[in-house]
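Q: no FASTA, just this:
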């Protein structure tokens, strides 16, 4: 199995859920091959940054130089994962993906993009329009819109600043430590104002899917009359495909998992 590097801490609840989802997904694969407990889990190194610090380093949209300190923290964390022997890495957060182009500089291991995986997952639903919900940085940026456009999906126009501020406050107040009925109700009220049943709603903050615990591992699902896409689940699925690629190839060729070619 390939070693996974996870850049976490932004925030801790979603980092925990990434670890859980990877372990659960790996276990399901090996169990289907007849493996017995304890089921194998890919080797994982987590480098956790401090959200209170990284948020203070956020720059101004459109001003590349203003993001230098923010980028440096994430790049250093990626290099730590690279030096730990990880074969590839992923950031358990949507927000820093707006800076992925800069964070990748000088990093020699692949970094799996949540933007790309979410766009592919949205296209798989057949939706042609999407509403992207996330932190203020995510909702102000054009990264998701560009990734979705590459799959012929039209993203929402930029929401008004008070609406973006409301979503950021929702994430900070209701989702930082996990989901709750109150958080779910507040999120659904926001969706009712901005989406139709045919719109794919991207839960593009890794805490937001915690509002739907019954669908926490579903890449896409319907709830309360809406179509949701869970970028975190799509991200985890891509990581598992990479980490278990040798084992999946062995299974496809008829060899027993773990057997030499």
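A: Alright, I've got the coordinates. Just so we're clear, the structure is a prediction, and the values are computed from it rather than from any experiment. Numbering: from 1, shown residues only.
Q: Please enumerate the strands of this structure.
A: Applying DSSP state E to the chain gives strands spanning 4-8, 44-48, 88-91, 111-112, 129-133, 154-155, 200-203, 220-223, 226-229.
Q: I'd like to know which of these is closest to residue 168.
A: Closest approach to residue 168 among those is made by strand 129-133 (10.5 Å; CB to CB). All C-beta spots, glycine's among them, are computed from the backbone N, C-alpha and C.
Q: Any buried residues in the closest one, and which?
A: 130, 131, 132, 133 (16 or more other CB atoms under 10 Å).
Q: Could you find the closest non-adjacent residue to residue 4?
A: residue 44 (4.8 Å; CB to CB, 6 or more residues apart in numbering).
Q: ditto for residue 2
A: residue 87 (4.0 Å).
Q: just residue 39 next, same as before
A: Closest to residue 39 by CB to CB, 6+ apart is residue 27, at 3.9 Å.
Q: Can you report how many residues lie near that neighbour?
A: Residues lying near residue 27 (other CB atoms under 10 Å) number 16.
Q: Now do it against residue 18, distance only.
A: 15 Å (CB to CB, to the nearest Å).
Q: go on, residue 143?
A: Taking CB to CB as the measure, residue 143 falls 20 Å from residue 18.
Q: what's the answer for residue 208, then?
A: 14 Å.
Q: the more surrounded of those two?
A: Neighbours were tallied for residue 208 and for residue 18 using other CB under 10 Å; the higher tally belongs to residue 208 (29 against 24).
Q: Quick check, that one in contact with residue 167.
A: No: using CB atoms under 8 Å as the test, residue 208 is too far from residue 167 to be in contact (9.1 Å).
Q: Quick check: neighbours shared by those two?
A: 133, 134 (CB atoms under 8 Å, 6 or more residues apart in numbering).
Q: what's the pLDDT at residue 176?
A: According to the prediction, residue 176 has pLDDT 66.
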